[in-house]
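Colleague: with the input below, show me the fold.
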Amino acid sequence: MFGRIILSAASVLIFAVLAQPASAKSEQDIRLVLQITVDGLRADLLNRYADSFSKGGFKQLMQNGTIYSNAHFQHANTETIVGHTTLATGTYPSQHGMVGNVIYDRKAGELSYNIEDADAPLLPSREQSSAGEQVDPSQKISRTKGRSPRAIQAPAVADTLAAYTAGKSKIFAVSGKDRSAVAMAGHAGKAFWLSTDNGDFITSQYYYENYPDWVQDWNNLRLAEKYADSEWKLSFEKNSYLLAAQDDRSYEIDLKGFGRTFPHRYGGKDNKLLYTQLVVSSAGDQLELDFAKALVTNEKLGQDSVPDYLSISFSSTDAVNHFFGPSSLENEAVVRDLDSTLSELFEFIDKVIGLKHTLIVLSADHGMADMPEYMTELGYAVGRLDSKEIVAVANRAGQQFGIDEVVRYFFRPYLYLDEDKITAAKLDFATVELAIANTVTGIEGISLAVSSRNFSSYEGNSLINQVQRNQHITRSGDIYVIQDPYWFLLEEGLIAVMHGSPWRYDTHVPVMFSGPGIAAQHIHRSVHPVDVAPTITSLLGMSPPASTQGTPLAEVINR
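Modeller: As a prediction, the model looks like this:
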């Protein structure tokens, strides 16, 4: 029989205080979690342009928040859906399943877009125009325009918050890209993204049966159309830009009349590329801001003690990088303009909610390589890889085993082998796979081709852990192909430079926290973006998302 425990009134009081969650004060202070993701913002770009930033944008965070300067993704395929889902869930692609923007569907025998869902068709915002060309080639791969998060296999911060508050939290995600919004909204939130067909912000029937009236009202303003036949101009005097001399380089891409130099002229209302051109400029970010402000106002975010969540993923930096590179005048212009956009956003949030009640988290989904031609000018000899050559070399290696055309498909970074042919030849798959991988590694410009069935063969190679974190049991390919630093690896598309490698320029992203009680400090220790999600939930007094593999950042939560 248990002995009696007698507590004095003072002891009871002390026990009650100690029993309170460490973040109880946070739960009362934070009315809105504002998670900002800048697509393609390599962390060092903020240092490069810091002197030109206004007080209210990036500097608002850099001077008042906890800043991590040494944050690197730990997975290999640094693409948009991979990075966004990692930030949202706090886990690696091997667990959340988003191993790339596009995967090869072995069963269907064709490529698929990771968030496409025939059971969640787009919700028409108005009469759809004919589909125009897209910034990202994965958009052309989609078999259906339906979109949903059903393929994401790990809960996000958004899902955890919805469960914790019994569905009382309002949860939204906005982006210039569908996959960015869908990943951050999780399964429980609502996602909106900019249509490059008509300039509206759209969603799918996974989220709504009909658009809210305020969304229809915003779309009816036709704000995107107002850019037709105008220009993307420099916002400041040209001589104030560090990269003013980087305005016209022969290896930049002219997007069918958009040009390689400022000012860049947008097409007319009937130009199918108009809305793509807007994303490849500061206009895309400004449209996102305008829509997000309408969302906050009409959905009344942050107006009570139950914390709400808003993700804004700004897409224009990434799009500009793909056409002009991160060391271009266009890159400096879009980042400086984003600084002004963030300043306007923070001023708005302070007015309607109060920054003292807002947890701001800023990061990026990946970095970006400089263009091979630019690096060659600087004396670093690199080039562009031919995917057809990679497949040809792999197939020749397969012929040594008596198999013709052993490669079923190659879509970076994965080679997919023909399982049926290898099985029919009564060969050991791991042996064939390793032999092909070793042969592909010998191609100029290839650093390493990794056999997924033979990870133990690469002990001591620091890249293998990154590849393993990208290895999903059913969705990843058979051989992971890693190009040498700054070599370009892409099958096709009107793109000048690409991210997606495990190299540090692609993994390095900013991680910033600002909000009630968070100290102003710069931290230089190594941290990882999987730490972002559990830090957010810890500040809200919640358990981390169920599959989280990261750790709450001590400098943020120990306030």
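Colleague: what about Pro212, neighbour count?
Modeller: Using other CB atoms under 10 Å, Pro212 has 14 other residues around it. All C-beta atoms are positioned from the backbone trio N, CA, C, and that covers glycine.
Colleague: what's the closest non-adjacent residue to it?
Modeller: Ranked by CB to CB, 6 or more residues apart in numbering and with sequence neighbours excluded, the top spatial neighbour of Pro212 is Asn298, at 7.2 Å.
Colleague: elements contacting the biggest helix by length in the chain?
Modeller: Counting by DSSP state H, the longest helix found in the chain is helix 329-352. Packing partners of helix 329-352 (3 or more CB pairs under 8 Å, 6 or more residues apart in numbering; DSSP states H and E): strand 32-38, helix 44-49, helix 58-64, helix 282-299, strand 308-314, helix 316-324, strand 358-363.
Colleague: pull out the buried positions in whichever helix or strand comes after the third one.
Modeller: It stands for helix 58-64. Sequence order places strand 66-72 as the next helix or strand after helix 58-64, per DSSP states H and E. For strand 66-72, the neighbour count (16 or more other CB atoms under 10 Å) marks Thr66, Ile67, Tyr68, Ser69, Ala71, His72 as buried.
Colleague: nearest to Ile353, of the residues you listed?
Modeller: Thr66 (20.6 Å; CB to CB).
Colleague: how far away is that closest one from Arg559?
Modeller: 9 Å (CB to CB, to the nearest Å).
Colleague: what touches both of those two?
Modeller: Contact criterion CB atoms under 8 Å, 6 or more residues apart in numbering; residues shared by Thr66 and Arg559: Ile518, Ala519.
Colleague: that older thread, I'd like the buried residues of strand 66-72 laid out as TSV, including distance to Trp232.
Modeller: Formatted as TSV, the buried residues of strand 66-72 follow (distance: CB to CB, whole Å):
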residue	distance to Trp232
Thr66	34
Ile67	30
Tyr68	32
Ser69	31
Ala71	30
His72	32
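Colleague: so which of these is the closest to Ala191?
Modeller: Ala71 (25.1 Å).
Colleague: in TSV, list the buried residues of strand 66-72 along with pLDDT and distance to Glu330.
Modeller: Shown next, in TSV, are the buried residues of strand 66-72 (pLDDT from 0 to 100; distance: CB to CB, whole Å):
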residue	pLDDT	distance to Glu330
Thr66	98	31
Ile67	98	26
Tyr68	98	27
Ser69	97	25
Ala71	98	25
His72	98	26
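Colleague: could you chop the chain up by domain?
Modeller: If you go by automatic domain parsing, the domain ranges for the chain are 24-376+502-557, 387-483.
Colleague: so of those, which one's packed in deepest?
Modeller: Each of the domains of the chain was scored by mean neighbour count; the highest is domain 24-376+502-557, a mean of 21, by mean count of other CB atoms under 10 Å.
Colleague: can you list contacts of stretch 114-121?
Modeller: With CB under 8 Å, 6+ apart as the test, stretch 114-121 has contacts from 81, 98, 100-103, 142-152, 178-179, 182-183, 204-206.
Colleague: can you flag which of those residues belong to helices?
Modeller: Counting by DSSP H, those place Ile81, Asp178, Arg179, Val182, Ala183 in helices.
Colleague: which ones are touching the fourth one?
Modeller: By CB under 8 Å, 6+ apart, the contact list for Val182 reads Ile115, Arg147, Ser148, Pro149, Ile152, Ala173, Ala191, Trp193.
Colleague: and the angle from the host helix or strand of the last one to strand 308-314?
Modeller: Remark: Trp193 resides in strand 190-194, with elements defined by DSSP H and E. Here strand 190-194 runs at 20 degrees with respect to strand 308-314, directions being taken by axes from the mean of the first three to the mean of the last three CA atoms, to 10 degrees.
Colleague: sheet partners, orientation included, of strand 190-194?
Modeller: strand 171-175 (parallel), strand 201-204 (antiparallel) (DSSP bridges).
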